[in-house]
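Novice: how does the following fold in three dimensions:
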Amino acid sequence: MILRLEKVEFNYASRNILNGISFTLKSNEIIALLGPNGVGKTTLLKCINRILKIRSGSIFIDEEDLNTLGGRAIAQKMGYVAQRNDTARQTVFDAVLLGRQPHMGFRISQKDMLTVSAILQRLNLNDLSLRYIDELSGGELQKVCIARALVQEPKLLLLDEPTTSLDLKNQIEILALIKEIATGHDVSVIMSVHDLNMAIHYADRFIFLKDNVIFAVCTKNDITEKLIQEVYGIDVSIHYTEEYPVVIPAKY
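Specialist: Numbers count the residues shown, from 1 in each chain. Predicted coordinates for the structure are as follows:
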């Protein structure tokens, strides 16, 4: 197991956000976090990355307790891409190079430069390497942020709504890229997603959150109309296209 959570709890002041969260993540697996707005998906990702400190419970990565690791060690093991990303005046190459900080010494090494170049090549970003990131489209910027996380050489990639505000073509490109990274490059992924059908197409397992707890953990074949209704409070029908279920909201 790459990641294991045991009875994780978190609260803001007196408001409980996460209660008794337990699950595991396997190598090369993609888990999609699903559920209504405000249910704790972003908070859970930040707890896993120790941006937020949990109230109780345990989180293990590679069987190491997260509480025993320093910030540098955590950054070497997991990369995080937030919903909103910095668009400061810097080139794509320099923005991606920042992801090497957990591995850098006092100077930028040849390995750092080669690692960045290899990731830019893999993500087809070479032609953009000298462009400024505040000049990029939404899809291009998202690829740059994923590239910056990948040069950390993580075993775990945490993505908070990676397709937000992207058009359909860019959504598909980003999710296909995430799938390729997980299956071909020994990286496991947890991502929060709003689009159920996109999640079903690209993720391996699904964690549905409701009322700040895990309501269900399942594969695509276990997703039912009743489950969606109970989690989201809307009626849907499920149809199958090839091997994928398609969730269609009922007409009102």
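
Novice: contacts and neighbour counts: CA atoms only from here.
Specialist: Will do.

Novice: got the CA coordinates for the helix ranked longest in the chain in PDB?
Specialist: Taking DSSP state H as the criterion, the chain has its longest helix at helix 168-184. C-alpha atoms of helix 168-184 as PDB (Å, rounded to 0.1, in the frame of the first residue of the first chain):
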ATOM      1  CA  LEU A 168     -14.300  19.500 -22.600                       C
ATOM      2  CA  LYS A 169     -11.200  18.900 -24.800                       C
ATOM      3  CA  ASN A 170      -8.900  20.000 -22.000                       C
ATOM      4  CA  GLN A 171     -10.700  18.000 -19.400                       C
ATOM      5  CA  ILE A 172     -10.200  14.900 -21.400                       C
ATOM      6  CA  GLU A 173      -6.500  15.700 -22.100                       C
ATOM      7  CA  ILE A 174      -5.800  16.400 -18.400                       C
ATOM      8  CA  LEU A 175      -7.600  13.200 -17.200                       C
ATOM      9  CA  ALA A 176      -6.000  11.100 -19.900                       C
ATOM     10  CA  LEU A 177      -2.600  12.500 -18.900                       C
ATOM     11  CA  ILE A 178      -3.300  11.600 -15.200                       C
ATOM     12  CA  LYS A 179      -4.300   8.100 -16.200                       C
ATOM     13  CA  GLU A 180      -1.100   7.700 -18.300                       C
ATOM     14  CA  ILE A 181       1.000   8.900 -15.400                       C
ATOM     15  CA  ALA A 182      -0.500   6.500 -13.000                       C
ATOM     16  CA  THR A 183      -0.400   3.400 -15.200                       C
ATOM     17  CA  GLY A 184       3.000   4.000 -16.800                       C
END
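
Novice: what comes up buried for that helix?
Specialist: For helix 168-184, burial by neighbour count (16 or more other CA atoms under 10 Å) applies to 170, 171, 172, 174, 175, 177, 178, 179, 181, 182.

Novice: and stretch 212-230, by the same measure?
Specialist: Buried-residue list, stretch 212-230, by 16+ other CA under 10 Å: 212, 213, 214, 216, 217, 220, 223, 225, 227, 228.

Novice: out of the residues you listed, which are inside helices?
Specialist: Among those, the ones falling in helices (DSSP H) are 225, 227, 228.

Novice: any idea how far residue 237 is from the second one?
Specialist: Read it as residue 227. 11 Å (CA to CA, to the nearest Å).

Novice: follow-up on the earlier one: need the ones in helices among the buried residues of stretch 212-230 in CSV with pLDDT, can you?
Specialist: Below are these laid out as CSV (pLDDT from 0 to 100):
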residue, pLDDT
225, 95
227, 96
228, 95
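
Novice: mind showing which ranges of the stretch 51-200 of the chain have poor pLDDT?
Specialist: For the stretch 51-200 of the chain, applying pLDDT under 70 flags the ranges 85-87.

Novice: which residues of it fall in helices?
Specialist: Remark: helices assigned in the stretch 51-200 of the chain by DSSP state H, counting those that start in this stretch are 71-77, 92-97, 110-122, 138-150, 168-184, 196-202.
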